[in-house]
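>>> generate a structure from the sequence data that follows.
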Amino acid sequence: MTNHKGIPVPLGSRESLRCEGCGVKLQTEDRTKLGYVPDQALDKEPVICQRCFRIKHYNDLSGTTLNQDDFLAILGSIAATDSLVVHIVDLFDFQGSLIPGLQRFIGNNPVLLVVNKTDLLPKATNLNRLRNWVQREAKEFGLRTVDVVLVSAKKNAGFDQLLERMDEYRKGRDVYVVGATNVGKSTLINRLIRDYSDLEAELTTSPYPGTTLGLVHIPLDDGKSIIDTPGIVYRHRLTELVNKQDLPVLLPSGALKPKVYQLNEGQTIFFGAFARFDFVKGERQSFTCYMSEALKLHRTKLERADELYAEHKGTLLAPPVLEHLEELPPLTKHAVRIPQGAKMDVLLSGLGWITATGTFAADLVIWAPKGVKVAIRPALI
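Here you go, the predicted structure:
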């Protein structure tokens, strides 16, 4: 292998050279495989693969991504280390972005839980109450944590506290950063690189899943490293199933603006053509929807819902448009009962959630693409 000036790259360098954007091992032989970089790009600083170049400059995610087994193998390698594990989750999709069985993969290493995207909540949100909610839900999920830190990568909030907690709990060890795709992992690590590392490069960030492909080591002053791992792609999140052109509609761009509906039994709300909420039985009551402002909601009578969907999916009920809708699994139903006196959220992973006040008991049916996680939880707000 030579660079574009004809200078040979030593064999040892060739074998160890990795993309500074996604961490994958670089190669110049096959442009269809991960890590491809043109010869002429080898002496540039930083050296990044063609895939990262296209993401950075054209916002285009193309080519191969790691499969689930590859992700789990990388995650499982942490168990053999003595490290602090920083698990970043998405507050907008809390249950959908937690890593199931994380403790099984990382052994006895301590977990610092970092909850990103707190900027999506109303300014009046009580952060102590939110932290307690997170701790209860994480425990319910089987996750043992040494602490919880609330942050907003977008607003640059909570970062100093995160650094303090990392330094407190790592005790001179390496730090592995883990999380699902689209939780803001690389954005947070880029802040570390800018402020606390001599590295000139930044990790590749993108709204599309599977951006980081290998382990990316960020050296610290004490000789240890912060190690970014690939984002795990969970197919139970709607954000991983939709056409990439529809992602900006699903991912909120700012603080959530709750939409309150006073519903009688026998009424339905469509969330574009992505999902559907049926109020099957119960006294008249309010339901509050927390979803992206860009997503169109449509209310109708339950008795007309099937016909309306059949006739208007992809048009009146959009996004997605019909062409993109055909890429999704068919809608399947989930029966849900909200008992009287219980204020609960119904989460549709990757789409948002609906809060039922519990003023009266309510029988609901949620329709979501097959495989998308639907969960019931104590109300977040």
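>>> does residue 323 sit in a helix or strand, and which one?
In this structure, residue 323 sits in helix 322-325 according to DSSP states H and E.
>>> and that helix, what's buried?
For helix 322-325, burial by neighbour count (16 or more other C-beta atoms under 10 Å) applies to 324-325. (C-beta placed from N, C-alpha, C; glycine too.)
>>> what sits up against it?
For helix 322-325, the surrounding residues in contact (C-beta atoms under 8 Å, 6 or more residues apart in numbering) are 242-243, 245-246, 273, 313-315.
>>> go with 6 Å
243, 246, 273, 314 (C-beta atoms under 6 Å, 6 or more residues apart in numbering).
>>> what subset of the residues you listed is buried?
246, 273, 314.
>>> now do the SS call for residue 132.
The three-state assignment at residue 132 reads helix, by DSSP: H, G, I helix; E, B strand; the rest coil.
>>> can you tell me how far it is from residue 95?
As for residue 132, its distance to residue 95 is 17 Å (criterion: C-beta to C-beta, to the nearest Å).
>>> so between these two, which is more surrounded?
residue 95 (20 against 12; other C-beta atoms under 10 Å).
>>> give the contact list for that one.
Contacts of residue 95 by C-beta under 6 Å, 6+ apart are 347, 375.
>>> and residue 281, by the same measure?
Residue 281 neighbours (C-beta under 6 Å, 6+ apart): 265, 363.
>>> residues in contact with residue 173?
82-84.
>>> narrow those residues to those in strands?
83-84 (DSSP state E).
>>> most surrounded residue in the contacts of residue 173?
Most surrounded of these: other C-beta under 10 Å gives residue 84, at 25 neighbours.
>>> how close does the spatially closest residue to that residue that is not a sequence neighbour get to residue 37?
If the residues on either side of it in the chain are set aside, residue 84 comes closest to residue 170, at 4.0 Å by C-beta to C-beta, 6 or more residues apart in numbering. The gap separating residue 170 from residue 37 is 33 Å, by C-beta to C-beta.
>>> all strands of the stretch 251-381 of the chain, in order?
Under the criterion DSSP state E, counting those that start in this stretch, strands of the stretch 251-381 of the chain are mapped to 259-263, 267-271, 275-282, 285-291, 297-301, 331-338, 344-348, 352-356, 362-369, 374-378.
>>> partner strands of the first one, parallel or antiparallel?
Strand 259-263 has these partner strands in its sheet, going by DSSP bridges: strand 285-291 (antiparallel).
>>> mind listing what's buried along the partner strand?
Quick answer for strand 285-291 (16+ other C-beta under 10 Å): 285, 287-291.
>>> what is the nearest of these to residue 305?
residue 287 (15.5 Å; C-beta to C-beta).
>>> mind listing the helices for this protein?
Per DSSP state H, the chain carries helices over the ranges 11-16, 50-58, 68-76, 94-97, 102-106, 127-140, 159-170, 185-196, 247-250, 302-312, 322-325.
>>> point out where the stretch 51-200 of the chain drops to low pLDDT.
55-68, 70, 195-200 (pLDDT under 70).
>>> run through the bridge partners of the nearest residue to residue 288 once chain neighbours are set aside.
Nearest non-adjacent residue to residue 288, counting by C-beta to C-beta, 6+ apart: residue 355, 4.4 Å away. For residue 355, the beta-bridge partners are residue 288, residue 345 (DSSP bridges).
>>> same check, this time on the one 10 residues further on
Taking DSSP bridges, one finds residue 278, residue 335 as the beta-bridge partners of residue 365.
>>> again, but for residue 18
Here residue 18, judged by DSSP bridges, has bridge partners residue 25.
>>> also residue 152?
Assigned bridge partners for residue 152, using DSSP bridges, are residue 157.
>>> so residue 342 versus residue 253, what's the distance?
For residue 342 relative to residue 253 (C-beta to C-beta), the value is 32 Å.
>>> rewinding a little: closest to residue 237 out of the contacts of helix 322-325?
Nearest to residue 237 among the contacts of helix 322-325 is residue 246, at 13.3 Å by C-beta to C-beta.
>>> so for that closest one, what's the pLDDT?
pLDDT recorded at residue 246 is 94.
>>> and it, what is it in contact with?
319-320, 324.
>>> can you check which of the helices of the chain gets nearest to residue 31?
Nearest of those (C-beta to C-beta): helix 50-58, 6.8 Å.
>>> pretty sure residue 179 is touching residue 185, no?
Yes: counting by C-beta atoms under 6 Å, residue 185 is a contact partner of residue 179 at 4.5 Å.
>>> thought residue 180 was touching residue 230?
No: in this structure residue 180 lies outside contact range of residue 230 using C-beta under 6 Å: 10.2 Å.
>>> coming back round to it: need the contacts of residue 246 in a markdown table with distance to residue 295 and pLDDT, can you?
Conversion of the contacts of residue 246 to a markdown table gives the following (distance: C-beta to C-beta, whole Å; pLDDT from 0 to 100):
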| residue | distance to residue 295 | pLDDT |
| --- | --- | --- |
| 319 | 8 | 94 |
| 320 | 11 | 96 |
| 324 | 14 | 95 |
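>>> how about those residues in CSV, adding distance to residue 157?
Shown next, in CSV, are these (distance: C-beta to C-beta, whole Å):
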residue, distance to residue 157
319, 30
320, 32
324, 34
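>>> for those, which one is nearest residue 33?
residue 324 (28.0 Å).
>>> count of neighbours near the residue nearest to residue 279 when sequence neighbours are not counted?
Take residue 279 and drop its neighbours on the chain: the residue closest to it by C-beta to C-beta, 6+ apart is residue 263, 4.7 Å away. Applying other C-beta under 10 Å, we find 19 residues neighbouring residue 263.
>>> beta partners of residue 263?
With DSSP bridges as the rule, residue 263 is bridged to residue 285.
>>> one step back: format the buried ones among the contacts of helix 322-325 as TSV; extra columns: distance to residue 75.
Listed next are the buried ones among the contacts of helix 322-325 as TSV, based on distance: C-beta to C-beta, whole Å:
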residue	distance to residue 75
246	28
273	34
314	37
